[in-house]
Each structure stands twice: as C-alpha cells, then as structure tokens.
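**Student:** Pasting the sequence and the predicted model now:
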Amino acid sequence: MTDRANSANVALADIRTRMEKARQRFGAPPEKVELIAVSKTFDAEAIRSFLAAGQRVFGENRVQEAKEKWPGLREDFSEVVLHLIGPLQTNKAREAVALFDVIETVDREKLAAVLAEEMARAQKRLPCFVQVNIGGEEQKAGVPVDEAVDFVRRCREVHGLDIVGLMCIPPDGQPPAPYFAHLATLARQAGVANLSMGMSGDFETAIAMGATHVRVGSALFGGRG
C-alpha cells in the first residue's frame, strides 16, 4: 500500500470512528450519518486514494472543477454519489444536473425554476437541499431564516423539486450548536428529513444536533494550498 493510500485509510477510519462515537453519545435521531468527503481543490489522484479506501460520497464546490475531475474517476468507480455543495449560478445549472447526483445549494427562486427546467429536459429528478443563511450574514448565500419554510414549499409545489433537506454554514467564530439546532427546527417545520451541517471543525456538534450529512474536507485530505 502506498503512503497516500495508507493515509487515506487512516483518515477515513478516524473520522468515521468520531462520527459514530458522536452519534452514540448524543443519541441523535438519524440511525446513520453520511460522510461527504469534500474534495474541492484536490486533484484526481488524491481523490482516488479515498475511493480505493471505500469512500463513495464526495462534495465539490464548483461545477467546472468537478467537470475536470469526476468523469474520469467515475469510469473506475461508477457508484460514486457527488454532491454540489457550493454556490450555483443559473448558467451552470445544465452542467450541474448532468454531473451531480445531489444539489445542496438551492437558495433562490430563479435557481429553483432553472433547475426544474433542466431536470425536466434531462429527464432527471435529483434530490435537493435548500441552503439557509442561518446566521443572517450578508456575505453568505442562502435563503433567509424567516423565508426558509415557505421557500421549501414553493420549491416543491411550484417547481416540482425533490427537496429532501436543509443545508447551512454557521457563522465563523461563534458556537455552532445554536445555529445547528435552529436548522433542525426549521427542517421539522418544513417537513424535510435531512440536515447537511457540520464540517471538519464542528461535525461532532452537528451530529449532536441531528445532522444526517456532514461535509468533511481538511480533516480527511489535509490543508489546502
């Protein structure tokens, strides 16, 4: 086994162990928490080591970057599930629908409409998350908290999207638990089962608050350049 492959195995085992301990410790509602390995900025060879170690669910921020890496990787690992976890421009919606399996960043009416149109054209119905601006930060994407429940309803009833959950990124430098708890409350109000929340520094807290998906990058791959 190469050094890179061994490192991938060790990193995955560590994160999965910590996830399971957090789930059991806090008695979180979900029976299973999905690990999304955030592979943005890392090349195909770095990703291949994690694929060889058994990881199959990955997250990418940018359509163009994912388009350059994943078609080749999927030739060898066809069962990969690829989440788009970064902002999506409407002019990239067609490529996103073609490439990704889950869209986590539906955050405005125009995007919902375009995604619905592109999915109909491609004869696909991808599961989607609504991104909520849980901290009300001007610099972050996401639906305002007080509009989130109604936006989920419109995405479903008006646009016909398959909204399966909510996603958020809490404010930097503040305890994340209250924001995760707030997202969980919004999910219950909106009638969605999944919560994509928690990253390398706070995924255990997110699991305590009921996360069903955690997005872990640097704790797996190491620091980014």
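**Tutor:** Okay, I see it. Numbering: from 1, shown residues only.

**Student:** immediately after the lowest-mean-pLDDT helix or strand in the chain, which helix or strand?
**Tutor:** Across the helices and strands of the chain, mean confidence by mean pLDDT, DSSP states H and E is lowest for helix 3-26: a mean of 90. Toward the C-terminal end, the helix or strand that comes next after helix 3-26 (DSSP states H and E) is strand 34-38.

**Student:** Could you measure from the residue nearest the centre of the chain over to M167?
**Tutor:** Centroid-nearest residue in the chain, with CA atoms, centre = their mean: I85, separated by 4.8 Å. Here I85 is placed at a distance of 7 Å from M167 (CB to CB, to the nearest Å). Where C-beta positions appear, they are placed from N, C-alpha and C, glycine not excepted.

**Student:** Between those two, which contacts overlap?
**Tutor:** Residues touching both I85 and M167 (CB atoms under 8 Å, 6 or more residues apart in numbering): 104-105, 196.

**Student:** Out of those, which comes closest to Q89?
**Tutor:** T105 (10.6 Å; CB to CB).

**Student:** circling back to that earlier point, dump the shared contacts of I85 and M167 to a markdown table, plus neighbour count.
**Tutor:** Below are these laid out as a markdown table (neighbours: other CB atoms under 10 Å):
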| residue | neighbour count |
| --- | --- |
| E104 | 26 |
| T105 | 22 |
| S196 | 27 |
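
**Student:** Is E104 located within a strand, as I assumed?
**Tutor:** Yes: looking at E104 with DSSP: H, G, I helix; E, B strand; the rest coil, it is inside a strand.

**Student:** Excluding chain neighbours, what is closest to it?
**Tutor:** Spatial nearest neighbour of E104, chain neighbours left out: F129 (4.2 Å); criterion: CB to CB, 6 or more residues apart in numbering.

**Student:** mind showing which ranges of this protein have poor pLDDT?
**Tutor:** The model of the chain has pLDDT under 70 over residues 1, 27-30, 224-225.

**Student:** Against D107, how distant is L166?
**Tutor:** Here the criterion is CB to CB. By it, L166 lies 11 Å from D107.

**Student:** Same check on R23?
**Tutor:** Distance from R23 to D107, by CB to CB: 28 Å.

**Student:** The two: who's more crowded?
**Tutor:** When R23 and D107 are compared for neighbours, D107 comes out ahead with 23 against 19, by other CB atoms under 10 Å.

**Student:** shared neighbours, L166 and D107?
**Tutor:** Between them, L166 and D107 share the contacting residues 130-131, judged by CB under 8 Å, 6+ apart.

**Student:** and the shared contacts of I85 and M167 as JSON lines, adding distance to E95?
**Tutor:** As requested, these are exported to JSON lines (distance: CB to CB, whole Å):
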{"residue": "E104", "distance to E95": "16"}
{"residue": "T105", "distance to E95": "14"}
{"residue": "S196", "distance to E95": "21"}
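
**Student:** Just the closest of those residues to K124, please.
**Tutor:** If you rank the shared contacts of I85 and M167 by distance to K124 using CB to CB, E104 comes first, at 16.0 Å.

**Student:** Enumerate the positions of stretch 191-203 that are buried.
**Tutor:** In terms of neighbour count (16 or more other CB atoms under 10 Å), stretch 191-203 has its buried residues at 192, 194-199, 202-203.

**Student:** Sweet, I'm off.
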